[in-house]
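Student: show me the folded form of this:
(one chain, ligands or ions: 2)
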Amino acid sequence: MDLLSLVGMATKRRSDYFSQAHTLAKKYKSQPRLEERMKAESLGLVKGLRDKLMKWGEYERTILDKTLISALAACILGIKDDKTDRKLEKCWPIIVGDMMPPLVKFLAETKTYIDSGVLRLGDQTVDFADYNLLGAVPGAIDLGVDEIEGINPEEEGAAEASQGRAQGKTWPSLAERLSRYLATPTFAFYNLGLYMVAQDQGFKEMRRVTKHDKKTCIDCKNYGEQGWAPIGELPMPGKGCRCYDRCRCFIEYR
Ligand SMILES: [Zn+2]
Ligand SMILES: [Zn+2]
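Tutor: Ligands and ions are numbered 1, 2, ... in the order given. I've put the predicted structure just below:
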């Protein structure tokens, strides 16, 4: 599906997405819980496609829906107040603009892998249970959380490439990649919701506060050192930094 038809479909279903996002936000109540839920759904969807429980068209449409609904739900969790829909209207074009172009590319790549037999439908040779969704490879050393935090994004990217798990060429790595559309971006969109509130409340300045661990990338470090800036001048977490959707900087307002 091309970008225009995807955006066209999304626009037609907008009010439906808004109401489903409200339900989702009410159910999961916090961004971390929403993210966990969407990680599980990424795995479920990829398994469903592999095990032929869903056809390609349904898989594609479901991913379009869930990408937008989870992003909207994350914004709602950030907004939290009674003028939610007015603020959500402002988030919508940002969500569509951020998520649709890479999503189209990602889906096209997946389709190519299926059509060319790189990913085989019905292939049961790899058990998803042998992987966790964070991309651990069977037999790899199980790092504790603190040690994982110590790996910087460049090292992590190189490790992913060498293990062939960032490309979506195996079913488990496809599930991990899908979670970077459905799950990890919820953090940035939660922050977008918070931003809409801060703007409404008349805050004049913002600053990006980095998580102080070795994983913080150089871009995030620079934003952190920059300190206070006029509201709207600093990018949201995950934008303008090389950790992308994995960025966990937070923003303060005054
Ligand atoms: Zn970063
Ligand atoms: Zn960051």
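
Student: low-scoring stretches of this protein, by residue?
Tutor: 129-167, 213 (pLDDT under 70).

Student: which parts of it sit against ligand 2?
Tutor: By Cβ under 5 Å from the ion, the residues of the chain that approach ligand 2 are Cys220, Cys247, Cys249. C-beta: built from backbone N, CA, C; applies to glycine.

Student: among the residues you listed, which are in reach of ligand 1?
Tutor: Cys220, Cys247.

Student: of the residues of the chain next to ligand 2 - the most surrounded one?
Tutor: With neighbours taken as other Cβ atoms under 10 Å, the top of the residues of the chain next to ligand 2 is Cys247, carrying 29 neighbours.

Student: surely that one meets Pro235?
Tutor: No: contact criterion Cβ atoms under 8 Å: Cys247 and Pro235 do not qualify, at 9.7 Å.

Student: give the residues shared as contacts by the two.
Tutor: Cys241 (Cβ atoms under 8 Å, 6 or more residues apart in numbering).

Student: from ligand 1, how far off is Arg86?
Tutor: Separation of Arg86 from ligand 1 (Cβ to the ion, to the nearest Å) stands at 31 Å.

Student: and the contacts of stretch 53-63?
Tutor: 1, 9, 45, 47-49, 103, 107, 111, 114, 178, 181-182.

Student: strands of the stretch 151-254 of the chain, start to end?
Tutor: Along the stretch 151-254 of the chain, counting by DSSP state E, counting those that start in this stretch, strands occupy 205-209, 229-230, 250-253.

Student: nearest residue to Leu107 other than its sequence neighbours?
Tutor: Excluding its sequence neighbours, the residue lying closest to Leu107 (Cβ to Cβ, 6 or more residues apart in numbering) is Glu60, at 5.6 Å.

Student: sorry, back to before: please pick the buried ones from the contacts of stretch 53-63.
Tutor: Met1, Leu45, Leu49, Leu103, Leu107, Ile114, Leu178, Tyr181, Leu182 (16 or more other Cβ atoms under 10 Å).

Student: the helices in the stretch 1-150 of the chain, which residues?
Tutor: For the stretch 1-150 of the chain, helices defined by DSSP state H, counting those that start in this stretch occupy the ranges 3-12, 14-28, 31-50, 56-79, 84-115, 145-149.

Student: picking that back up, out of the buried ones among the contacts of stretch 53-63, flag the one nearest to Asp127.
Tutor: Leu49 (16.0 Å; Cβ to Cβ).

Student: could you tell me which residues make contact with that closest one?
Tutor: For Leu49, counting by Cβ under 8 Å, 6+ apart, the contacting residues are Trp56, Tyr59, Leu121.

Student: what's the burial count for Arg242?
Tutor: 14.
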